[in-house]
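> here is the input, now give the coordinates:
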Amino acid sequence: MDDSTYDPQAGTRFATTRWREGYDVASVDAFVARAERAVSMRDRSVTAREVERVRFAPVRLRTGYDMGDVDTHLARLSEELRAIEGVGD
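Sure, this is the predicted structure:
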C-alpha cells in the first residue's frame, strides 16, 4: 500500500503518517495548491513571506502529512517565489 497522498491539482506527493504527529492534510493541500499556482502563474497571489510563515495544525492518531516532506517542499516554493518577486524589482 502506498503511504503517500497525491493531490492532482497541486501535483505534489507527500508521505503520510498516522502514529506520529503530522500536518493536517486539507490545510496543506489548500495552501500548497495556492502557492504552486502562484509559482506557475507568476502572479504574486502568494508571497515567499507567506510560505515561510504558514503554520499548519498538527494531527495525531489520524492521517497527516509528514512534516519534513511538507517543510522541504515549502522551502523550495519559497525560493521559487523569491526569484519571481525579484524579477523586475
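
> biggest helix in the protein, by residue count?
Looking across the chain with DSSP state H, the single longest helix is helix 67-86.

> flag every buried residue along that helix.
By neighbour count on 16 or more other Cβ atoms under 10 Å, the buried set for helix 67-86 is 67, 69, 70, 73, 74, 77, 78, 80, 81, 84. Quick note: C-beta positions are derived from backbone N, CA and C, even for glycine.

> all strands for the protein, in order.
Using DSSP state E, the strands assigned to the chain run over residues 4-7, 12-17, 22-23, 58-59, 64-65.

> tell me the average confidence for the longest one?
Averaging pLDDT along strand 12-17 yields 86.

> ditto for the first one
Mean pLDDT, computed over strand 4-7, is 42.

> now the closest residue to residue 22 other than its chain neighbours: how far from residue 82?
Nearest-residue entry for residue 22: residue 64, 2.4 Å, with adjacent residues in sequence omitted and distances by Cβ to Cβ, 6 or more residues apart in numbering. Remark: distance between residue 64 and residue 82 (Cβ to Cβ, to the nearest Å) = 28 Å.

> how about residue 51?
Per Cβ to Cβ, residue 51 is found 9 Å from residue 82.

> what of residue 38?
12 Å.

> just residue 33 next, same as before
From residue 33 across to residue 82, the span is 20 Å (Cβ to Cβ).

> how far away is the residue nearest the centre of the chain from residue 13?
Closest residue to the average C-alpha location of the chain: residue 32 at 3.7 Å, with Cα atoms, centre = their mean. Distance, residue 32 to residue 13, using Cβ to Cβ: 11 Å.

> what does residue 25 give?
Distance, residue 25 to residue 13, by Cβ to Cβ: 12 Å.

> more neighbours, the two?
Taking neighbours as other Cβ atoms under 10 Å, residue 25 and residue 13 compare with residue 25 leading, 18 against 14.
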